[in-house]
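Engineer: When you get a sec, could you give me coordinates for this:
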Amino acid sequence: MSADAKPEDVAVPEATWKARLKQVGPGVMAAATGVGAGDLVATMVAGSRYGYALFWAVVLGAVFKLALGEAVGRWHLASHRTMLQGWRTLGRWATTYFGIYIVIWGFIYGATAMSASALPLNALFPVLPVSGWGIVCGLVGLALVWFGRYRLLEKLMTVLVGIMFVTVVGTAILVGPNLPALGAGLVPSLPDGSVAYVLGLMGGVGGTITMAAYGYWTFAKGWRSPKWLPFMRTDNAVGYITTAIFVAAMLVVGAGMLRGANLTAGDTGLLQLGDALATDYGQWARIPFLVGFFAVAFTSVIGVWNGVSLLFADWWRTWRMPKSAPPETAADYDHAAGERSPAYRFYLLWLTFPPMLLLFLGKPFQITIVYGVLGALFMPFLAGTLLWLLNSKTMMPAEHRSRWVSNTALGLCLLLFVGVAANELIDTLG
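Structural biologist: This next block holds a predicted model:
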């Protein structure tokens, strides 16, 4: 089916488990994009400091992300509106905040994603410096997303996720998990000094602006009506269960191999792990891990370059609408036109070229502060607005409004993200 198929043109197969699994794709895109190299390092550091004691936070965080991803997908499919069309109904403040955030976020994140992808390439092929490989990764990502369409990107992301799974989980198996200790880690506990790590594991891993892009990928897949809800829920579950496995694997590596090690924060911590693998097991263990490191980082490049550019294009279209314009529905949103729009291509260029300056100059202090403040507020903004929109009697059909399970999960997500935001704001402003 074409990406811009209208709802009446979409043939929905019978929702058997086999049919549902065949449709998996957007959830893997969203989950893989949201988990970056820095997230894996943060988990590895938590494991090196507290062993398996925080495993419960990994599991609970995956449950929260699953609930949030389901909410985003249900909003798109059941309300027949995109995320921006929903935010527009809340007032100008919502679209204004998002517009400021997405511009600043793209400038900083573009450099972060390119640098993270460059680190393992520089370690494997030191013919170019990190900045040089970063530019190469940015240009390759730009070309893939500029000329490619959703089907191609989904297939490429699936291959990269497969590489991630084999290398990251394979590293955990090589290290050898302590299964009794892992089981004991399911019991909630808070070792001294662990609160910030708990908040990070529950609220940070896999939780970014790309969660808001999930609904656009469901539209790209051809899902345009509530009949696709069972497929969306299976797809979302596969994506975030996969994410939870990645994160748990890095916790095992940190607890089993690096306990007590003084790890470097940020993406370079994974290079330290590669060196440790080479020391303990030989170069044969280091090289596959660096390939997996690249897969983890480059999925974020592809996913962000496509998904967040779609968000920006829809924001620009929505922002320019007069206040008197009536509320829109999904029938007013053309995914294929969005990928061809000048706003989509402008944001692709914005993600790629201005951030290259930061590869050489570092992150200016003032921009980093603004980025940290706006970024800390985004996940509470997403959870809170979804909680409101999914209970709207005017926009959500009664049969698809949130029930107590979803409302409880989204309410807990909101409280969690407020806690994460407070922690990040203290760190940023401090």
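Engineer: how about this protein, which residue sits the furthest from its center?
Structural biologist: Distance from the centre of the chain peaks at Ser324, with 34.4 Å (CA atoms, centre = their mean).
Engineer: Helix, strand or coil: sort out Asn407 for me.
Structural biologist: helix (DSSP: H, G, I helix; E, B strand; the rest coil).
Engineer: Ignore what I typed, I meant Pro322.
Structural biologist: Secondary structure state of Pro322, per three-state DSSP, is coil.
Engineer: And it, its phi and psi?
Structural biologist: Main-chain torsions, Pro322, degrees, to the nearest 10: phi -70, psi 150.
Engineer: Ala53 now?
Structural biologist: The phi/psi pair for Ala53 (degrees, to the nearest 10) is phi -60, psi -20.
Engineer: That one contacts Pro191, doesn't it?
Structural biologist: Yes: under the criterion of CB atoms under 8 Å, Ala53 makes contact with Pro191 at 5.5 Å. For glycine as for every other residue, the C-beta is placed from the backbone atoms N, C-alpha and C.
Engineer: For these two, indicate the residue with more neighbours.
Structural biologist: Ala53 (23 against 13; other CB atoms under 10 Å).
Engineer: At which residues are the helices of the stretch 301-430 of the chain located?
Structural biologist: 335-340, 342-352, 354-361, 365-389, 404-429 (DSSP state H, counting those that start in this stretch).
Engineer: Now tabulate these in a markdown table and tack on mean pLDDT and distance to Arg92.
Structural biologist: Formatted as a markdown table, the helices of the stretch 301-430 of the chain follow (pLDDT from 0 to 100; distance: least, CB to CB, whole Å):
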| stretch | mean pLDDT | distance to Arg92 |
| --- | --- | --- |
| helix 335-340 | 80 | 22 |
| helix 342-352 | 96 | 19 |
| helix 354-361 | 86 | 27 |
| helix 365-389 | 78 | 14 |
| helix 404-429 | 84 | 22 |
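Engineer: Tell me which of the ones you listed approaches Gln283 most closely.
Structural biologist: helix 354-361 (28.1 Å; CB to CB).
Engineer: count of neighbours near the nearest residue to Gly256 once chain neighbours are set aside?
Structural biologist: Nearest residue to Gly256, sequence neighbours excluded (CB to CB, 6 or more residues apart in numbering): Val175, at 4.3 Å. Per other CB under 10 Å, the neighbour tally for Val175 reads 22.
Engineer: and what of Cys137?
Structural biologist: 22.
Engineer: Let me know whether the residue nearest to Gly256 touches Leu258 as I believe.
Structural biologist: No: assessed by CB under 8 Å, Val175 is found out of contact with Leu258, at 9.0 Å.
Engineer: quick one: pLDDT of Met83?
Structural biologist: At Met83, the pLDDT value in this model is 93.
Engineer: Next, work out how far apart it and Gly61 are.
Structural biologist: Going from Met83 to Gly61 by CB to CB, to the nearest Å gives 22 Å.
Engineer: Repeat that for Leu351.
Structural biologist: The value you get for Leu351 to Gly61, if CB to CB is used, is 27 Å.
Engineer: cool, and Arg92?
Structural biologist: Between Arg92 and Gly61 the distance is 33 Å, computed by CB to CB.
Engineer: the more surrounded of those two?
Structural biologist: A count of neighbours by other CB under 10 Å puts Gly61 above the other of Arg92 and Gly61, at 27 against 11.
Engineer: Now that one: which helix or strand?
Structural biologist: If you go by DSSP states H and E, Gly61 is part of helix 55-79.
Engineer: Who are the packing partners of that helix?
Structural biologist: Counting contacts by 3 or more CB pairs under 8 Å, 6 or more residues apart in numbering; DSSP states H and E, helix 55-79 packs against helix 26-34, helix 83-90, helix 195-203, helix 210-221, helix 229-257, helix 365-389, helix 404-429.
Engineer: Report the angle between that helix and helix 83-90.
Structural biologist: 80 degrees (axes from the mean of the first three to the mean of the last three CA atoms, to 10 degrees).
Engineer: which parts of helix 55-79 are buried?
Structural biologist: Going by neighbour count (16 or more other CB atoms under 10 Å), the buried part of helix 55-79 is 55-62, 64-79.
Engineer: Could you check how far that helix is from the centre of its chain?
Structural biologist: Chain-centre distance of helix 55-79: 12 Å, with CA atoms, centre = their mean, to the nearest Å.
Engineer: Could you check the angle it makes with helix 195-203?
Structural biologist: Counting by the same axes, to 10 degrees, helix 55-79 lies at 40 degrees to helix 195-203.
Engineer: Just the angle for helix 55-79 relative to helix 26-34, thanks.
Structural biologist: 130 degrees.
Engineer: Just the mean pLDDT for helix 55-79, thanks.
Structural biologist: So the average pLDDT for helix 55-79 ends up being 92.
Engineer: Of the helices and strands packed on helix 55-79, flag the one that's most buried.
Structural biologist: Highest mean neighbour count among the helices and strands packed on helix 55-79 (mean count of other CB atoms under 10 Å): helix 26-34, with a mean of 29.
Engineer: by contact count, what packs against whichever helix or strand comes after it?
Structural biologist: Toward the C-terminus, helix 26-34 is succeeded by helix 37-50 as the next helix or strand (DSSP H and E). With contacts taken as 3+ CB pairs under 8 Å, 6+ apart, helix 37-50 sits against helix 92-124, helix 195-203, helix 229-257, helix 268-281, helix 283-319.
Engineer: looking at these, which one has the lowest mean pLDDT?
Structural biologist: Looking at these, the bottom one is helix 195-203 with a mean of 78.
Engineer: That one packs against which elements?
Structural biologist: helix 37-50, helix 55-79, helix 404-429.
Engineer: Just to check, Cys247 is in contact with Leu40?
Structural biologist: To be clear, residue 247 is Val; Cys isn't right here. Yes: counting by CB under 8 Å, Val247 does reach Leu40; the two are 7.4 Å apart.
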